[in-house]
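> mind folding the following:
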Amino acid sequence: MTSAAGRAPGRLSGDGLPLARFKDLCLDAVDPHALGGFWARVLHADLVDLRDGDTRVDGRPGRPGPESIWVNRVPEPRARRTRVHLGLRLHRSDPADLLAAGARLVREPDDEVGWWVLADPDGYEFRAFAPRPGTVPGPFELVVDARDATAQATWWAGVAGGRVERDATGAASVVGAAGFPWEYWVFAPVTEPKTIKNRMHWDVDLTDDDCAALLDAGATLLREPDDDIDWWILADPEGNEFCAFAPQR
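Reported below is the predicted structural model:
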């Protein structure tokens, strides 16, 4: 991001902390072992069998954390392009290794974009960027489509901390959000509204014991903890679903 940066309005908890910390990513899949295996190969990570039909891709051996991707089994196949996707730095000057691992080429760099658009075996699109001096291979951004990119970035920076950076394309990024493991949390402007559930979403750890502060900040409650889940399912102002977990005391 090259434009001027600004700090988002803070929505701090009573002890001065952000309302939530980024926890991890979740990805829906008909076959979590197959899709998790692809992402483990691409990210040079470990695939953990959770023994309940789901899997987890861990960047650090056996240690779930904010870089982990939980691959959750769902019955329905992906039907539309996802509005949430990762951006990766490549190990080499082209994505040949990713294609060999099972990715599909969707778009090459051209006059409009300076990166490759690829799709994983389930059709989830992601960006792949050529290496640059001073960068390391692997994920460096999480990209979310948004009707109002600046408003979305400002809301999440207010919830999870960090500052908002804007660029000439209209994209707005959160930098330095609590717990966020990569460089940029990008909200990219699109014209179409969100109409279906995101098959990739992120989870957060709450600062408080419940989600009341997030609801006061503008989140929508979709489901409360019950006999099946021990977390809240919420949506941000543009309807992006996320799970919120109470802190471990």
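> my read: residue 247 touches residue 211, true?
No: between residue 247 and residue 211 there is no contact, the gap being 11.7 Å when judged by CB atoms under 8 Å. (C-beta placed from N, C-alpha, C; glycine too.)
> next SSE downstream of the helix or strand of the chain with the lowest mean pLDDT?
None of the helices or strands of the chain scores lower by mean pLDDT, DSSP states H and E than strand 5-7, at a mean of 45. Downstream of strand 5-7, the next assigned helix or strand under DSSP states H and E is strand 20-29.
> what packs against that following strand?
Applying 3 or more CB pairs under 8 Å, 6 or more residues apart in numbering; DSSP states H and E, one finds that strand 20-29 makes contact with helix 32-42, strand 69-73, helix 149-160, strand 200-206, strand 241-245.
> mind redoing it with 7 Å?
strand 69-73, helix 149-160, strand 200-206 (3 or more CB pairs under 7 Å, 6 or more residues apart in numbering; DSSP states H and E).
> from the chain's centroid, how far away is the helix or strand just after the longest one?
The first helix or strand that comes after helix 149-160 along the chain, using DSSP H and E, is strand 163-166. The gap between where strand 163-166 is centred and where its chain is centred comes out at 17 Å by CA atoms, centre = their mean, to the nearest Å.
> can I have strand 163-166 written out in PDB, keeping just the CAs?
What follows is strand 163-166, C-alpha atoms only, in PDB (Å, rounded to 0.1, in the frame of the first residue of the first chain):
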ATOM      1  CA  ARG A 163      -3.900   1.100  11.100                       C
ATOM      2  CA  VAL A 164      -5.600   1.600   7.800                       C
ATOM      3  CA  GLU A 165      -3.600   2.100   4.600                       C
ATOM      4  CA  ARG A 166      -5.200   3.000   1.200                       C
END
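> that one pairs with which strands?
As defined by DSSP bridges, the strand partners of strand 163-166 come to strand 5-7 (antiparallel), strand 172-175 (antiparallel).
> so for the last one, mean pLDDT?
pLDDT averaged over strand 172-175 equals 98, rounded to a whole number.
> helix or strand next in line after it, which one?
strand 184-189.
> how far off helix 149-160 does that following strand point, in degrees?
150 degrees (axes from the mean of the first three to the mean of the last three CA atoms, to 10 degrees).
> tell me which strands strand 184-189 pairs with, and in which orientation.
Paired neighbours of strand 184-189 in the sheet (DSSP bridges): strand 138-146 (parallel), strand 172-175 (antiparallel).
> for residue 115, find the nearest of these.
strand 138-146 (10.5 Å; CB to CB).
> where in this protein is pLDDT low?
Scanning the chain for pLDDT under 70 picks out 1-16, 62, 249.
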